[in-house]
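Asks: Build me a model from this:
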Amino acid sequence: MEGLKNSVFGATSSDSLLNAAIVLGAGSLAITKLLTIDHDYWHGWTLYEVLRYAPEHNWNAYEEALKTHPVLAKMMISGIVYSLGDWIAQCYEGKPLFEFDRTRMFRSGLVGFTLHGSLSHYYYQFCEALFPSKDWWVVPAKVAFDQSVWAAVWNSIYYVALAFLRLESPVNIFGELKSTFWPMLTAGWKLWPFAHLITYGVIPVEQRLLWVDCVELIWVTILSTYSNEKSEMRISEASEAEAGPSSNEVKSDRNQGHIWTE
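Replies: Coordinates of the predicted model:
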């Protein structure tokens, strides 16, 4: 038993160290790239000048990327945001900062990169073509369309894609989607209509995804938490069914030891 305990704690410690290395490495790389945007020109610059021009020149580089590779730029932003969102979700669920599930975070980031960035790019173009008028009613109409049609489509895609990546059965996936579709949609109405008044009323179409992805850090946390809670609930129920009549006794023992969690 002692050997098993040491093995478990050792694995947890190794995972935490690896996670910390990944986070610190990625963070250091990102900060270095942002601060060295002008490294070809800063010979003789003071530190103040480097820091002063870095935000403006990074923004210019981002706008240039939107012109030359618009879809790829948006895919990368969404991939980063969806990875961060899932990490935040895991911390919100009670996991220590560096004890997150890397596979789960990778799944969320992969869905953000491959699906959200590209689909959102074309959706915002389509929305502009659908509502070309500049009249006062267009912004509320875009918000209503977004929060009915697009929200329903994207929430479903995100939920189904994550479930498929978890290798869940199609029967379970679509059964759970049916039961969670309306709660997920209405949960978004507490946040997105207000954010989208800015999205469609102030932000230029090419910059919309960046603004939306900033708000997405909140929404992805909600979505990811909701999706993974359902997955863990199914796993727990399946384990209880396999355990048979004694599962309640096991559950009681674990509750007394503060080990079992819903």
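Asks: Setting aside sequence neighbours, what's the nearest residue to the residue minimising distance to the centre of the chain?
Replies: Centroid-nearest residue in the chain: Tyr82, 2.4 Å away (criterion: CA atoms, centre = their mean). Excluding the flanking residues, the one nearest Tyr82 by CB to CB, 6 or more residues apart in numbering is Gly112, at 2.6 Å. From N, CA and C alone the C-beta is placed, and that goes for glycine too.
Asks: Could you look up the SS state of the residue of the chain most remote from its centre?
Replies: Among residues of the chain, the one most distant from the C-alpha centroid is Gly44; the distance is 40.7 Å, by CA atoms, centre = their mean. Secondary structure, DSSP: H, G, I helix; E, B strand; the rest coil: Gly44 is coil.
Asks: Tyr158 sits in which helix or strand?
Replies: Using DSSP states H and E, Tyr158 sits in helix 151-165.
Asks: what packs against that helix?
Replies: Secondary-structure packing of helix 151-165 (3 or more CB pairs under 8 Å, 6 or more residues apart in numbering; DSSP states H and E): helix 102-111, helix 170-188, helix 208-243.
Asks: mind checking how far Ala54 is from His39?
Replies: 10 Å (CB to CB, to the nearest Å).
Asks: the more surrounded of the two?
Replies: Ala54 (16 against 12; other CB atoms under 10 Å).
Asks: Name all residues that make contact with the more buried one.
Replies: Leu34, Leu35, Ile37, Asp38 (CB atoms under 8 Å, 6 or more residues apart in numbering).
Asks: Okay, and it sits in which element?
Replies: Element membership for Ala54, per DSSP H and E: helix 47-68.
Asks: Look at the residue nearest to Tyr200 when sequence neighbours are not counted and report its pLDDT.
Replies: Of all residues not flanking Tyr200 in the chain, Lys142 sits nearest, at 4.3 Å (CB to CB, 6+ apart). Turning to Lys142, the model gives it a pLDDT of 97.
Asks: you'd agree Lys142 is up against Ala129?
Replies: No. Lys142 is beyond contact range of Ala129, at 11.7 Å (criterion: CB atoms under 8 Å).
Asks: Compare these two (neighbour count), which wins?
Replies: Between Lys142 and Ala129, Lys142 has the larger neighbour count (other CB under 10 Å), namely 21 against 8.
Asks: got the contact list for the more buried one?
Replies: Residues near Lys142 by CB under 8 Å, 6+ apart: Cys127, Phe131, His196, Tyr200.
Asks: roughly how far apart are it and Leu72?
Replies: In terms of CB to CB, Lys142 sits 25 Å off from Leu72.
Asks: Contact partners for the residue nearest to Tyr82?
Replies: Contacts of Gly112 by CB under 8 Å, 6+ apart are Ser78, Gly79, Ile80, Val81, Tyr82, Ser83, Gly85, Val220.
Asks: please redo it, this time with the cut-off set to 7 Å
Replies: For Gly112, the contact set (CB atoms under 7 Å, 6 or more residues apart in numbering) comprises Ser78, Gly79, Val81, Tyr82, Ser83.
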